[in-house]
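In: coordinates only, sequence not included:
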Ligand code: HEC
């Protein structure tokens, strides 16, 4: 029993110490996705869906929930954002090649068709990111259409 109490105390101290280390936040001012919006021209409906369901992990601006103040949840969130952004960052759209833009839009349609995104752990805490079939269809249709435009632009003149 004594040893269990000691272990619990050590764990508690570690947990308290962890609270002092906060990962840097992913925050941006202003219109961080303007390149992306201007080029791919999503409807207001699609914009709202992407903002509510995707931007937290795929843009330079995350709306943090209260539990981001609690380590180790803050580390876990920060990892998701870093990993998500390295795959796809709507705020960095202007720096992507046409080929990459087209490929990313193809992936967007795929992850929605397969129900892979938004991550389950995310929709659990963000019910507004739980997409209806109609919402998914709207995003998929827009992604396929903008993708086509990039594909056409890639043709030699
Ligand atoms: C909670 C964070 C989070 C949210 C919210 C989120 N993603 Fe992701 N996304 C990730 C992470 C982490 C990865 C990389 C690992 C993986 O593929 O599972 C990823 C990968 C991707 C990829 C890469 C392709 C692939 O096949 O893996 C695409 C495309 C994508 N997400 C699209 C979306 C879209 C569209 C939404 C909104 C409908 C969204 N994501 C919402 C975290 C998130």
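Out: That came in fine, so what should we check first? Everything quoted here is computed from the prediction, not taken from an experiment.
In: longest helix of this protein, counting residues only.
Out: What stands out as the longest helix in the chain, according to DSSP state H, is helix 133-153.
In: name the residues of it that are buried.
Out: Of the residues in helix 133-153, those buried under the neighbour-count criterion (16 or more other Cβ atoms under 10 Å) are 135, 136, 138, 139, 140, 142, 143, 146, 147, 149, 150. The way it works is simple: take the backbone N, C-alpha and C, and place the C-beta from them, glycine included.
In: pretty sure the second one contacts residue 112?
Out: Translated: residue 136. Yes. Using Cβ atoms under 8 Å as the test, residue 136 is close enough to residue 112 to be in contact (4.8 Å).
In: mind checking how far residue 15 is from residue 28?
Out: Taking Cβ to Cβ, to the nearest Å as the measure, residue 15 and residue 28 are separated by 31 Å.
In: distance of the residue lying closest to residue 129 once chain neighbours are set aside from the ligand?
Out: With sequence-adjacent residues excluded and distances taken as Cβ to Cβ, 6 or more residues apart in numbering, residue 129 is closest to residue 53, at 3.9 Å. Plainly put, residue 53 is 4 Å away from the ligand if you go by Cβ to the nearest ligand atom, to the nearest Å.
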